[in-house]
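Student: show me the folded form of this:
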Amino acid sequence: MAKKNTRIVAVIAVLVLLVFGGLVIRKPLSTNMILKGSAYFDQKEYAKAYEQFKKAAFLNKSPAALNGLTKSLYYLNRYDEALNYANASLQMDSVTSDAKFYRGLIEIKQQKPLLAVADFNAVLKSDSTNAQAWYHRGLAKAALLDFAGSVSDYRQAMKLDKDNIEAYLKSVEANSAMDDFKGAIADYDNLLNVDLNNKEAYASRGYLKLNINDFDGALTDFNHALELGPGNLDVIFNRGSAYARKGMADAALKDFSQCINSKFKVTESLNNRSIIYLGQQNANAALKDLKELQKLKPDDAGVYLSLGVVSSMKQDYKGSIPLYDKAIALNPQYTEAWFNRGVSKGNLGRHQEAVIDYTKAIELNKNYAIAYYLRAVSEINLNKLTEGCEDLQRAKSLGYKAADELIAIHCTGNKK
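Tutor: Next comes the predicted model:
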């Protein structure tokens, strides 16, 4: 009996040695594989990293091995599997920031921004210096349309990591979504303090300045962008727009002509160049561009309006009317087309028809001062003095000073 017990004890001892000895051997092996996986991960060899972390988890399912699987699978775009490992890691260690950080990244990819914000909140609670957590929480907030909150997070990320170019650009996007162009410009200011030769930043900041009518600032930025990247036609087009809006017609014409000759934004450039020619009373040059534009945009009401204006400039009022007719047929709400047709009819002495067109223009724009004034002119020509004087008073109240002269002549009861 004693011998039998001795044998049982010996067998148990062997089993204990095998079990615990195996565990002792497995842990160092697992740790070694985690180190190898981390080295592969740092080299961005995510598939190799995944294999090492997978072996490590098989030997010892530790939070470190599971976190390694999570982040490797994330960069391999296998988000569902990554999420499972992140959750498994958090079941073992509910406070680990690494798992919550990557779970937040996965939740952004899976379009679950509210959950992502909660995870990044937890990460930042334990480490408020984690620049990537601030940045990605900003992304999640932007997805929730909390643009002000996202800007705040992006800017905190910039403070912690001034070289995070994406944080500056995402802050620009969020500010622009709120129509806060000045805030977006400030983001580009900060970016250019970090990257002085970023030609895209100069070009984009110039466009934002153009939107807030800072034409000088826009031109400075566009010119700087072109010094850094000569021949950028998108910048040249935008610079042409800035020149045009600043009243520098010749410089604008040069830029739009370069775009047209380079077959870049031909339609927009022809349109802009034709408008400048119209402003210069250069009817023939405008007509040439508009004919080209008509071929490209045969159903554009604006083209027919401009063609009508060219005819009117040449005092071909009769010829302008069919062009305005076409513009109105294409866009019945086109205020300027109704108004200009009224002007042509008035110049032809067709005052009754002109009144109808002016009335429609006024219906579309209640504060159209010159339309009231010219309707009054036609009404006076039709001997409708009461209506004419009412329209003159309305034009005057809207700031159309030329109405005073006709009021003095025709509206005796309103003389001053």
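
Student: from one end of stretch 88-108 to the other, what's the distance?
Tutor: 19 Å (CA to CA, to the nearest Å).

Student: no no, stretch 170-189
Tutor: 14 Å.

Student: give the buried residues for it.
Tutor: 170-172, 174-176, 180-181, 183-188 (16 or more other CB atoms under 10 Å). Any C-beta I mention is one placed from the backbone N, CA and C, and that applies to glycine too.

Student: next step: those residues restricted to strands.
Tutor: Judged by DSSP state E, those include no members of strands.

Student: any chance of TSV for those residues, columns distance to Lys159 and pLDDT?
Tutor: Formatted as TSV, the buried residues of stretch 170-189 follow (distance: CB to CB, whole Å; pLDDT from 0 to 100):
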residue	distance to Lys159	pLDDT
Lys170	15	97
Ser171	12	97
Val172	16	97
Ala174	16	98
Asn175	17	97
Ser176	21	96
Asp180	19	97
Phe181	22	96
Gly183	16	97
Ala184	18	97
Ile185	19	97
Ala186	14	96
Asp187	13	96
Tyr188	17	97
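
Student: so which of those residues belong to helices?
Tutor: 170-172, 174-176, 181, 183-188 (DSSP state H).

Student: got a markdown table for those residues, with distance to Ala140 too?
Tutor: Compiled in a markdown table, those are given as follows (distance: CB to CB, whole Å):
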| residue | distance to Ala140 |
| --- | --- |
| Lys170 | 11 |
| Ser171 | 14 |
| Val172 | 18 |
| Ala174 | 12 |
| Asn175 | 17 |
| Ser176 | 19 |
| Phe181 | 24 |
| Gly183 | 20 |
| Ala184 | 20 |
| Ile185 | 25 |
| Ala186 | 23 |
| Asp187 | 19 |
| Tyr188 | 23 |
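
Student: Gln110: which of those residues is nearest?
Tutor: Lys170 (19.3 Å; CB to CB).

Student: okay, and the nearest residue to that closest one once chain neighbours are set aside sits in which element?
Tutor: The shortest distance from Lys170 to any non-neighbouring residue, by CB to CB, 6 or more residues apart in numbering, is to Tyr154 (5.4 Å). Per DSSP states H and E: Tyr154 is located in helix 147-160.

Student: got it, and Phe264?
Tutor: Here Phe264 is assigned to no helix or strand, by DSSP H and E.

Student: do you have the helices of the stretch 201-350 of the chain handy? List them.
Tutor: Using DSSP state H, counting those that start in this stretch, the helices found in the stretch 201-350 of the chain span residues 215-228, 233-246, 249-261, 266-279, 283-296, 301-313, 317-330, 335-347.

Student: between the ones you listed, which gets nearest to Glu353?
Tutor: Evaluated over the helices of the stretch 201-350 of the chain, closeness to Glu353 peaks at helix 335-347, with 4.6 Å, by CB to CB.

Student: now that closest one: buried residues?
Tutor: Those would be 335-346, for helix 335-347 by 16+ other CB under 10 Å.
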